[in-house]
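[1] Give me coordinates for this.
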Amino acid sequence: MENQLWHPVALSEAVTVAPLAAELLERPLVLWRDGSGAVQAWADQCPHRGARLSLGKVCKGRLECPYHGWQFAAGGPCVHVPALPGFVPPASHAARAYVCQEQYGLVWVRMAAPHAAVTPPLPQFEAEADAQLRKLNCGPYDVATSAPRIVENFLDMAHFGFVHEHWLGSRDTAEIADYQVHSTPTGLRATGCKAVQPKSNLHSTSAAQVEYSYEVTAPYAAVLRKLPDAASVALAGYREAIGLFICPMGPERSRVWFRLAVADFQSPDQTLRDFQHTIFTQDQPVLESQTPKRLPLDLRAEVHTAADKASGAYRRYLSRQAIRFGVIP
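    Numbering: from 1, shown residues only. Prediction:
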C-alpha cells in the first residue's frame, strides 16, 4: 500500500540541476532537473555497476554516472556509453525512474509502477487556494521515530499544557472538552476542538480559547486549522492552517515539513518559521523518546481515554488502509 501513495521527499527549491540524494521507504533516491526544468526522481543506483547516481553530475540535460560516465536522459533511458561511442543502449540499460510531481513547494514521489491501476491523489491542503492566506514551508526536520507517531502527536491536544507550557497550553487549564471525530474518505476529521492557550500564535497578546479542527488527509499527512479569539490577537482577522507532510524514510526514521497558511503578510518569513520551529522542537525529544517507535495499531497495546478519540480513529484508519510501514499491526 505504501508504494501506491504520494510521499514528499524534498523542497522544490532544493532540487536544481545538481543531483540531490534523498530516501523514501528505505530506498535511496536521486533527484535532479532535466533540460526542461522538470524534476526527475530515480533509484540512486546506476544499472551498470550500482554506483550512486547522486555522486554524478548533469551534462546537457542528462544525468551522468560518476563511475563510467554513462549518461541517462529524462525518464531513465541510457543514451551514451563513453567506452563504446557507437553502442546504442537497449531499454534494459535504463535507470529506474519513479513518477513525481511538485506541489506545495515540495517534490512528491510514488514508488508504484508508472501505470499502476490505483493512482491516489496528493494529500489535500485546501488552504493553498485561499489567496487571503500567505504560504510558506518550514523544515525539513529529521526525526528518529515513525511517521504515524508524528501524525498522532499532531492530532493530540492533551499534551499542550506540558510539552508546550506557556505557549500552546497551561497545566492549570489542561482539561480537554469533548469533541467530534468523523471518518472521511482520506482519513478522519476532528471538529469542536478547543484549547486555552497562552500564546497560540506569533501575534497573541493574551491567553485565549482557540478553536481547532484537524483532518487526516493521507496515512502520513494531516492538516490543522486554528482560529483564536479575535480579542487576543494583535493582527485583525488572524487565522491559520498548518499542513503536516511526512516522508517515511525508514520504519523508525522520518523527514517532516510543515506548510503554513497564515493571514499575516507582514512578518518576515524567518519570524514565522521561528515560531513553528519553537513548537516542533518542543515536540521532537518527546516523540523520539516514545517506545515502541512504530505506532501500535492494536488499541489494546496502549491505554486510551476519551481525550484520545482522534488517535484511536487514526489507528483504525491505518488498519483499514493496510498500512504496514511504521506501525505494529
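[2] quick one: contacts of the longest helix belonging to the chain?
    If you go by DSSP state H, the chain has its longest helix at helix 269-289. Helix 269-289 has contacts (C-beta atoms under 8 Å, 6 or more residues apart in numbering) with 136, 138, 141, 143-145, 149-150, 153, 159, 163-164, 167-168, 201-202, 242, 256, 258, 260, 262, 264. To be clear about C-beta, it is placed using only N, CA and C from the backbone, and glycine gets the same treatment.
[3] Next: stretch 27-39.
    Here stretch 27-39 makes contact (C-beta under 8 Å, 6+ apart) with 9-10, 12, 15-23, 40-45, 52-54, 58, 60-63, 73-74, 98, 100-102, 107, 109, 111.
[4] Please save the CA atoms from it in CSV.
    Only the C-alpha atoms of stretch 27-39 are listed here, as CSV (Å, rounded to 0.1, in the frame of the first residue of the first chain):
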residue,chain,number,x,y,z
ARG,A,27,15.3,3.2,-0.7
PRO,A,28,17.8,5.7,-1.8
LEU,A,29,16.7,8.2,-4.5
VAL,A,30,18.4,10.8,-6.7
LEU,A,31,16.5,13.9,-7.7
TRP,A,32,17.6,16.3,-10.4
ARG,A,33,16.2,18.6,-13.1
ASP,A,34,16.4,17.9,-16.8
GLY,A,35,16.9,20.3,-19.6
SER,A,36,13.3,21.5,-19.5
GLY,A,37,13.5,22.1,-15.7
ALA,A,38,11.2,19.1,-14.9
VAL,A,39,12.1,17.1,-11.8
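[5] Can you list the residue ranges for helices in the stretch 151-300 of the chain?
    Along the stretch 151-300 of the chain, counting by DSSP state H, counting those that start in this stretch, helices occupy 160-163, 269-289.
[6] out of the ones you listed, deepest packed?
    helix 160-163 (a mean of 20; mean count of other C-beta atoms under 10 Å).
[7] which secondary structure elements does that one contact?
    helix 269-289 (3 or more C-beta pairs under 8 Å, 6 or more residues apart in numbering; DSSP states H and E).
[8] Return the distance of the helix it packs on from the chain's centre.
    15 Å (C-alpha atoms, centre = their mean, to the nearest Å).
[9] again, but for stretch 129-149
    Chain-centre distance of stretch 129-149: 6 Å, with C-alpha atoms, centre = their mean.
[10] Next: stretch 221-236.
    Using C-alpha atoms, centre = their mean, the offset of stretch 221-236 from its chain centre is 22 Å.
[11] first to last residue in that stretch, what's the distance?
    30 Å (C-alpha to C-alpha, to the nearest Å).
[12] what's the average pLDDT for that stretch?
    Stretch 221-236 shows an average pLDDT of 85 in the prediction.
[13] Show residues contacting that stretch.
    By C-beta under 8 Å, 6+ apart, the surrounding residues in contact with stretch 221-236 are 123-127, 151, 154-155, 187, 197, 200-201, 203-217, 237-246, 263-264, 266.
[14] So how do I select the buried members of those in PyMOL?
    Paste this into PyMOL to select the buried members of the contacts of stretch 221-236, with burial taken from 16 or more other C-beta atoms under 10 Å:
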select buried, resi 123+125+127+151+154+155+187+197+200+201+203+204+207+208+210+212+213+214+215+216+217+238+239+240+241+242+243+244+245+246+263+264
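[15] The closest residue to R96 other than its chain neighbours: neighbouring residues, count only.
    Spatial nearest neighbour of R96, excluding adjacent residues (C-beta to C-beta, 6 or more residues apart in numbering): A43 at 3.9 Å. By other C-beta atoms under 10 Å, 17 other residues sit near A43.
[16] picking that back up, is it possible to get JSON lines of the helices of the stretch 151-300 of the chain that adds distance to F87 and mean pLDDT?
    Output for the helices of the stretch 151-300 of the chain, formatted as JSON lines (distance: least, C-beta to C-beta, whole Å; pLDDT from 0 to 100):
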{"stretch": "helix 160-163", "distance to F87": "60", "mean pLDDT": "96"}
{"stretch": "helix 269-289", "distance to F87": "50", "mean pLDDT": "97"}
